[in-house]
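1. Provided below are the primary sequence and the corresponding predicted coordinates.
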Amino acid sequence: MTDTASGQTSGKIPVTVLTGYLGAGKTTLLNRILTEDHGKRYAVIVNEFGEIGIDNDLVVGADEDVFEMNNGCVCCTVRGDLIRVVAGLMKRQRPGKPAFDAIIVETTGLADPGPVAQTFFVDEDVKAKTQLDSVTALVDAKHVMARLDDSKEAREQVAFADRIILNKVDLVSEADLVEVERRLRKLNPLAPITRAERADVPLDQVLGLGGFDLERILDIKPEFANPGHGEDGHVHDEHCGHDHAHDHHGHDHAHAHEHEHAHGARGHAHEDDIKGISLSLDRPMDGTKFTAWLDRLLGEQGQNILRAKGIIDVSGEDRRLVFQAVHMILEGELQKPWGALERRWSRAVFIGRDLDEAELRKGFEACAA
Ligand SMILES: Nc1nc2c(ncn2[C@@H]2O[C@H](COP(=O)(O)OP(=O)(O)OP(=O)(O)O)[C@@H](O)[C@H]2O)c(=O)[nH]1
C-alpha cells in the first residue's frame, strides 16, 4: 500500500536514483530538490567525480545531509560502499521521528545504473528497509546523440530509466528535440520523457513515483534480482572479478577487461579510452591567466573533453571560482566565500579522451599567481 503523502510504501524509505551521462544535469536537479520548499528531508548519496572531492562542494547544503561514495565509480566498486552508506543512514532513523523522508542517489555519469539499482534488491538489510522508487535519467539534449553513438553506458542509462528528463532544451532547436525524442523512444519505449531547462521539472515527476518497474527490468536483464555471483555479503563487485564466465548484468567480458584497464588509470574512467585527470594546487591562482588557459584548452580540445569541473582559489578574491564545462560549453562564477578556517586550494578534474596529463598539469600550474 502506498502512502502517497510521503511516497513511502510499508514504512520503507523510498530511494530515487538519478542517472545520466557526464554533464547531463544531475547535480542541477539535485540542487533543485534540496532547495525547493517541500518540507521534506532528503539524504543524498553522491558519487565523487574524480579522486579529489569536487561534487560534494557543488551540492547545496552539502555539510549536513550529503554522503559521499568516493571509491571512484558507482558501477564497479560502490555497490559495497552503497550498502554501507545506506546501512549507516538507517541507523540514524528513529521510529516515529525519521531523520529523513527519502534517499536520493546521484550516480556518476559513466556508470551503468543497473548495479546501483540492483543493490536495493540484492542486499537483505537494504531490501528490508528501503524501496527503490524510481530511476530517473537526465539527458543532455545537445550532446546526447553523439553519446548514444559512442557510449554503451549512455545507452544503458536511457534504456534502464523509469523516467527520462530531456534537459538543456534551450541549447537545441525544436526539430532536433523531436529527433532526440524519437531516438530515446527507440531505446526506451515506456519511460515518460519530460523536457526541461536547468532540470526545471515538477518534483512530483521525479520523487515519490512508485515507478521502478522490476518486471520491465527483468525483461531487459533477467538476472537482475537473482545474481548467482553476488550473494549476500558479497560486496566486492562481481564485474571486477576475472574468473566468472557468465554475463552477469548484461556486462560482457570486454567490459570486464575495460575495467581492469581503467582501474589503473587516475580517476577511474569506464570506457577504455576515457580517463579522468585530477589536478590540484595549494597556491592561489591568477584569475586572468586561469580563465585564458581554460578558454584556450576548451577551444582546442573541447571535442575530447567530455567534462571538466573545478573550484579555484583566485588570488585577491574572497569567493571561490567554480567552473564547469561539457565539451566547449563553459560556465564559471564566483560562488560562496571561503570559510575563515577552511583550507583554500584549487582543484579541477578533466574527463575525456586522449588527454595529455603532463601537459594539462603544466598548463594548470602555470596559472599560479
Ligand atoms: N544551457 C543549459 N545548461 C545547463 C542546463 N542544465 C544544466 N546545465 C549546465 O550543465 C553543466 C552540467 O550540469 P550538472 O548538473 O553539473 O551535470 P551532472 O549530470 O551533475 O554532471 P556530472 O556529475 O559531471 O556527470 C553545468 O554547467 C550546468 O549549469 C540547461 O538546461 N541548459
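-> Sure, I can see it. Numbering: from 1, shown residues only.

2. can we go C-alpha only for contacts and neighbour counts from here?
-> OK.

3. in the stretch 201-350 of the chain, which residue sits nearest the ligand?
-> Each residue of the stretch 201-350 of the chain has a distance to the ligand, by C-alpha to the nearest ligand atom, and the smallest belongs to Gln324, at 4.8 Å.

4. how near is that residue to Ala43?
-> Summarising the geometry, the distance separating Gln324 from Ala43, computed by C-alpha to C-alpha, to the nearest Å, is 25 Å.

5. still on that earlier bit, a strand runs through the residue of the stretch 201-350 of the chain closest to the ligand, doesn't it?
-> Yes - secondary structure assignment (DSSP: H, G, I helix; E, B strand; the rest coil) places Gln324 inside a strand.

6. what number of residues lie near it?
-> For Gln324, the tally of surrounding residues (other C-alpha atoms under 10 Å) stands at 19.

7. I figured it hits Gly310, correct?
-> Yes - taking contacts as C-alpha atoms under 8 Å, Gln324 lies within contact range of Gly310: 6.6 Å.

8. residues in contact with Arg198?
-> When contacts are counted by C-alpha atoms under 8 Å, 6 or more residues apart in numbering, Arg198 touches Gly25, Thr28, Leu29, Asn167, Lys168.

9. now narrow the residues you listed to whatever sits close to the ligand.
-> Restricting the contacts of Arg198 to those within reach of the ligand (C-alpha under 6 Å from any ligand atom) leaves Gly25, Thr28, Asn167, Lys168.

10. make CSV out of those and add secondary structure and pLDDT.
-> As requested, those are arranged in CSV below (DSSP: H, G, I helix; E, B strand; the rest coil; pLDDT from 0 to 100):
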residue, secondary structure, pLDDT
Gly25, coil, 94
Thr28, helix, 92
Asn167, strand, 97
Lys168, coil, 97
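
11. possible to save these as TSV with neighbour count?
-> Supplementary listing: the ones next to the ligand among the contacts of Arg198 in TSV, determined by neighbours: other C-alpha atoms under 10 Å:
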residue	neighbour count
Gly25	25
Thr28	17
Asn167	25
Lys168	21
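
12. what comes up buried for stretch 347-361?
-> Residues of stretch 347-361 classed as buried: Arg347, Ala348, Val349, Phe350, Ile351, Gly352, Arg353, Leu355, Glu357, Leu360 (neighbour count, 16 or more other C-alpha atoms under 10 Å).

13. helix or strand: which one has the fourth one?
-> If you go by DSSP states H and E, Phe350 is part of strand 346-353.

14. so what are the sheet partners of that strand and their directions?
-> strand 274-281 (antiparallel), strand 305-312 (antiparallel) (DSSP bridges).

15. okay, those, which one's buried deepest?
-> The highest mean neighbour count among these belongs to strand 305-312 (a mean of 24), with neighbours defined as mean count of other C-alpha atoms under 10 Å.

16. still on that earlier bit, make JSON lines out of the strands paired with strand 346-353 and add mean pLDDT and distance to Thr35.
-> Output for these, formatted as JSON lines (pLDDT from 0 to 100; distance: least, C-alpha to C-alpha, whole Å):
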{"stretch": "strand 274-281", "mean pLDDT": "85", "distance to Thr35": "29"}
{"stretch": "strand 305-312", "mean pLDDT": "88", "distance to Thr35": "21"}
